[in-house]
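J.: Need the 3D shape of this:
(chains A and B)
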Amino acid sequence: DGGITQSPKYLFRKEGQNVTLSCEQNLNHDAMYWYRQDPGQGLRLIYYSQIVNDFQKGDIAEGYSVSREKKESFPLTVTSAQKNPTAFYLCASSISAGANVLTFGAGSRLTVL
Amino acid sequence: AQSVTQPDIHITVSEGASLELRCNYSYGATPYLFWYVQSPGQGLQLLLKYFSGDTLVQGIKGFEAEFKRSQSSFNLRKPSVHWSDAAEYFCAVGAENSGNTPLVFGKGTRLSVIA
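T.: As a prediction, this is how the structure comes out:
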């Protein structure tokens, strides 16, 4: 079955460390997205990519970086510059960018110790 | 800019009772509207969507939603709630001619179901 795989499911990090969250899709979707979820805040867009080798900042991109070297993969790096990185991170994809149905992964929970 | 408001942060209903979750949007163009559901610690699953046509749309798990342009609303309903419906529900909006602008999500409504 096609879908989105996020790993790891749980991740612990010490302050000052960079961590990378993996997102892989086998849906042949062009567009991919990263959202951050905090209690009561809904989903906030970090970065999105419409096509390989292209990506745009979302509403809360500071302290994060991404790459899109392959269509199937859109890893998110949480850098030490992100002041409050503890959150639930969701990756999603859609057939193309814009107002289309999003398919979500199961999420990754990052905790900073 | 487009925006979505879900006025109710938390709703509690009895099992078997009817449910209505509110969603109001603000957008100048023709909206595309979505409802997603999220179980704790999981990703989001699409319940239903509205692009055009019949303003009453049916989704999975017995849910339906009605698009009311005059009220800028897209409320989600279910006639009889089951305990397994306890989850968080998100409304999202996009637009027909938005180019590559991503969907905008509301902050969610958490549904609790009591016996």
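J.: Would you point out which residue is most central in chain A?
T.: A:Trp34 (2.9 Å; C-alpha atoms, centre = their mean).
J.: quick one: contacts for that one?
T.: By C-beta atoms under 8 Å, 6 or more residues apart in numbering or on different chains, A:Trp34 lies in contact with A:23, A:45-48, A:58, A:64, A:66, A:74, A:76, A:89-92. The way it works is simple: take the backbone N, C-alpha and C, and place the C-beta from them, glycine included.
J.: Would you agree it falls within a strand?
T.: Yes. Note on A:Trp34: a strand contains this position according to DSSP: H, G, I helix; E, B strand; the rest coil.
J.: For it, give its distance to A:Pro75.
T.: 9 Å (C-beta to C-beta, to the nearest Å).
J.: Mutual contacts of those two, please.
T.: Once C-beta under 8 Å, 6+ apart is applied, the residues that A:Trp34 and A:Pro75 both contact turn out to be A:Cys23, A:Val66.
J.: now the residue nearest to the centre of chain A, which residues is it bridged with?
T.: Listed by DSSP bridges, the beta-bridge partners for A:Trp34 are A:Tyr47, A:Cys91.
J.: How much space separates it from chain B?
T.: In this structure, A:Trp34 lies at 11 Å from chain B, with C-beta to the nearest C-beta, to the nearest Å as the measure.
J.: all strands of chain B, in order?
T.: Secondary structure of chain B (DSSP state E): strands at B:3-5, B:10-14, B:19-21, B:24-26, B:31-38, B:44-50, B:56-58, B:64-68, B:73-78, B:87-95, B:104-105, B:109-114.
J.: Of all the residues in chain A, which one is nearest chain B?
T.: With distances taken as C-beta to the nearest C-beta, chain A approaches chain B most closely at A:Ala99, which sits 2.6 Å away.
J.: what sits against the nearest residue to that residue once chain neighbours are set aside?
T.: Nearest residue to A:Ala99 in three dimensions, chain neighbours excluded: B:Gly94, at 2.6 Å (C-beta to C-beta, 6 or more residues apart in numbering or on different chains). Contact partners of B:Gly94, counting by C-beta under 8 Å, 6+ apart, are A:Gly98, A:Ala99, A:Asn100, B:Gln2, B:Pro31, B:Tyr32, B:Phe34, B:Thr101, B:Pro102, B:Leu103, B:Val104.
J.: where's B:Gly94 relative to A:Phe104, distance?
T.: Distance check for B:Gly94 against A:Phe104: by C-beta to C-beta, it reads 16 Å.
J.: Quick check: which ranges of the chain have low pLDDT?
T.: Picking chain A for this. Applying pLDDT under 70 to chain A picks out residues A:1.
J.: please go with chain B instead
T.: Low-confidence segments of chain B, defined by pLDDT under 70, are located at B:28.
J.: To what extent is A:Glu69 buried, counted in neighbours?
T.: Close neighbours of A:Glu69, defined as other C-beta atoms under 10 Å in any protein chain shown, add up to 10.
J.: isn't it right up against A:Asp54?
T.: No. Under the criterion of C-beta atoms under 8 Å, A:Glu69 makes no contact with A:Asp54, lying 11.0 Å away.
J.: about what we covered before: can you tell me which of the contacts of A:Trp34 is closest to B:Val57?
T.: Minimum separation from B:Val57 among the contacts of A:Trp34 (C-beta to C-beta) is found for A:Ala92, which lies at 21.1 Å.
J.: how many neighbours does the closest one have?
T.: 27.
J.: Give the full set of residues in contact with it.
T.: Contact criterion C-beta under 8 Å, 6+ apart gives A:Ile4, A:Met32, A:Tyr33, A:Trp34, A:Tyr35, A:Leu102, A:Thr103, A:Phe104, A:Gly105, B:Gly43, B:Leu44 as the residues in contact with A:Ala92.
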